Each structure stands twice: as C-alpha cells, then as structure tokens.
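Student: Generate a structure from the sequence data that follows.
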Amino acid sequence: MTENLLQMEPHIVRVKDFKIDSDYTAWVSEIRRRYLSAQIKAAVKVNTEKLLFNWSIGRDLVFRKAEEKWGTGVVEQLSFDLQEAFPNDKGFGSRNLWNMKKWYLYFSNPEAREKLHQLGAELQNNNNQKIIKLHQLGTEIDSDFPSVLGLVPWRHQVNIITKCEAIDEAIFYIRECIIGGWSRQTLDNSIKSNFYKAQGKAISNFLDYLPESQCRMAQEITKDNYDFSFITVPANYKEEQLETALEQNITRFLLELGTGFAFVGRQKELIVGNRTRKIDMLFYHIRLKAYVVVELKIRPFDPEYAGKLNYYVNAVDELLKGPDDNPTIGLLICSDKDETEVRWAFKGVQTPMGVASYDNVQITHPSNFLPSAEELQARVRLVEEELKQKE
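Tutor: Numbering: from 1, shown residues only. This is a model prediction of the structure:
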C-alpha cells in the first residue's frame, strides 16, 4: 500500500499562476515519502517510549524495594492511584504492573543483557532496517534499557517472559518476532507447539562454512530428530523401502521437514565422469535459495557417510546450482547418531552439512497379513455348514 501511495501522481487542482513540471511532481513525491517515513518513525518511537516507561516502573519496584518499604499491597495501591490519575489510559492494572517488575528482572540480569546485546549486534551486522531505525531515532535514552527490546510489542514480551522456561528460549522468540514480524497469535502458536525446541538442533558445520544470515536459517530448517510416524515399512526394511515410503507420503514428509521445502526428486541422477550417481532425495529451499541434499540411512551414523554426503553436495553445486543460488547444504538423516563421532567426521569437510536422526517408523509385521480370530471363526462356520449340506 505504501508503494502504491508513493507511485501516485499528484492530483492537480487548477490554481492561478501555477505551472506544473517534472520537478514539481518529483518534489511532491519526495514530501509524501518523507511524511510516510515520519509516520513510521513516530510509531516506532511511541512504542519504544511506552516500553521505556514500563521498564522504569519495573526498575522502581525492584530498586525501591517497594513491598518491603510500603507493604505487600503496594502494587495494588499504585494501580489504583495511577488509574485515578490517568482514567483514560489503559495498562495500569495491578497484573500489568507486576508484569513490569517481572519483565525488568527477566532481562536486566547480566546473562540476559549480554545475549540481548549480541542479538542487537547480529541484527545490525545483517543490516536489519528495524534495528538501524531504532538507533537512528536515538531511542536508547535510558542506558539501562536494552534497545533491541524496543522492537517487540509489550504484549508479545509479556507472553514470552511468562511462558518461556529459559533465557535462550526467550531471546529466540524475541529474535523471531523482530525478523519475522510475528503477530501475537503467531507467537502464541509457536510457543504452544514448542517451536524453539523442535527447530535448529541438527549437528552441523553451518557456522564454519556459511555466511551468518544463511547459517542461521540453515540451522533453523534442520531438526535434531524427525518424526516418521506417518509412514509404514516392513520389518527389516531397507533404505530403498524407507525412501519409497517417504516419497509416497511426500506431503507429510514436507510438513515434517518444515516450511519452504520444495521436492525436486528421488534418486536424482547426476552424471559425473561418465558415471551415474544418484542422490536419495533432493529438495530446494525457497527462503534459503539453496538446494538441500538429503541422504537416508537406516543405521546409526558412520563417519564414511559424511564423505559420501560431501561428494553429493559438491556435485550439486557444480552441476545444478545456478548463479543466484546460495551454497547447497547436505542433510544426513540416520537412525541414530553420536555427536562426538559427527564432529570428528566433519573435521576437514568444507561443505555445509548437518546430521539428524529419525524415529517412530511404523513397522508392518508378517502377522498383520494373517486373518484375524473373527475371520478364522467365520471360515470354520462356513466349512461346517458346507459339510452338513453334503450329509
């Protein structure tokens, strides 16, 4: 909508002694642009000033030792006094005041402040426009207030501090709200689905061989463990049967992998040195703008698997990757893994790769193909009736 407004031509009303030209049109467009920019800055500044106020109330309650000095009912009394002083303003309920204190205590400790500082530096290094505008506004007028918190609405932050178990989890959701522009509903759904623990836990070398922005996204799209409960395979199944089951349930598999994956093919052929090589499964990740080579192993991780995956990733980079694509990443999904073995196997390997595990595959046993007890009884009765008719 903003772009459409900027592209609109000025509505010219007939005015005496006026002559329109291209310079005037450009000037009006520039004024519109400046006004819209001012509106955005004002909205950011108002939100940040409100958060600064909440931070100051929380800090007062802590440093003034309000409950010790005035009694345990001090927050309720303060709530009454502020609501009487500002009857048209919301946010002075006692529960909200308690949340201000909890919020201050949550993010003012040294560990939290350091992690918030690191997040702010990360966003600045990635040229995140929100954090840049925040610093341009000079909104960190209180040196005690971590400026990156000024980018997340108050109600989002209340949900985070009341529902997250650890500071790392809270910082994760703060980051996602800033980068993804999450609504409160999206945040609530993500916390309920335990998105923090489900994503980005695969053992990988992404940090060593991908730019920071790509590294973060690549880590997010690879899980520590994949739930294959939606497929059924026979006992003593082979890798080919696992691949077939996943391909037949590709929609469910894509949902398990996460958003952004597009299926390219199974047993994708690559011609290397006049020989045909086949990749188990090949995907393309739209947000990452990169191919993802997936190799499946029905056994626990073995160091030799890393070498084969490294080969396939390099082959895709050479044969399929386009000039606008980011480096291909490899993902090995095996029945189990040992982190030390994986880390040692990755030493010297310069292609971005991750290793995950899978479980909950449904096994079809031969007994499943035998008739049930009810079916056997029905057959016996049928035979008995046939015998009686012959007598």
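
Student: neighbours around Val158, how many?
Tutor: 18 (other Cβ atoms under 10 Å). C-beta coordinates here come from the backbone N, C-alpha and C atoms, glycine included.

Student: pLDDT score for it?
Tutor: Looking at Val158, its pLDDT stands at 96.

Student: gap between Trp70 and Leu119?
Tutor: 36 Å (Cβ to Cβ, to the nearest Å).

Student: neighbour count winner among the two?
Tutor: Leu119 (20 against 13).

Student: wouldn't the more buried one be in contact with Arg175 here?
Tutor: Yes - applying Cβ atoms under 8 Å, one finds Leu119 in contact with Arg175, separated by 5.7 Å.

Student: can you give me the strands for this protein?
Tutor: In the chain, the segments counted as strands under DSSP state E are 203-204, 225-227, 232-234, 261-272, 275-285, 290-296, 329-334, 353-359, 362-364.

Student: Pick the most buried one from those.
Tutor: strand 329-334 (a mean of 26; mean count of other Cβ atoms under 10 Å).

Student: So which elements touch that strand?
Tutor: strand 290-296, helix 303-319, strand 353-359 (3 or more Cβ pairs under 8 Å, 6 or more residues apart in numbering; DSSP states H and E).

Student: any chance of the ones you listed in TSV, with mean pLDDT and distance to Gly330 too?
Tutor: Shown next, in TSV, are the helices and strands packed on strand 329-334 (pLDDT from 0 to 100; distance: least, Cβ to Cβ, whole Å):
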stretch	mean pLDDT	distance to Gly330
strand 290-296	95	5
helix 303-319	94	4
strand 353-359	93	4
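
Student: Switch those over to a markdown table; also include distance to Val233.
Tutor: Output for those, formatted as a markdown table (distance: least, Cβ to Cβ, whole Å):
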| stretch | distance to Val233 |
| --- | --- |
| strand 290-296 | 12 |
| helix 303-319 | 20 |
| strand 353-359 | 12 |
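
Student: Out of those, which is closest to Glu269?
Tutor: Across those, Glu269 has its closest neighbour in helix 303-319 (10.3 Å, Cβ to Cβ).

Student: So which residues lie in contact with that closest one, not counting its own?
Tutor: With contact meaning Cβ atoms under 8 Å, 6 or more residues apart in numbering, helix 303-319 is reached by 270-272, 277, 279, 282, 291, 293, 295, 297, 327-330, 332, 334, 341-342, 344-346, 349, 351-353, 355.
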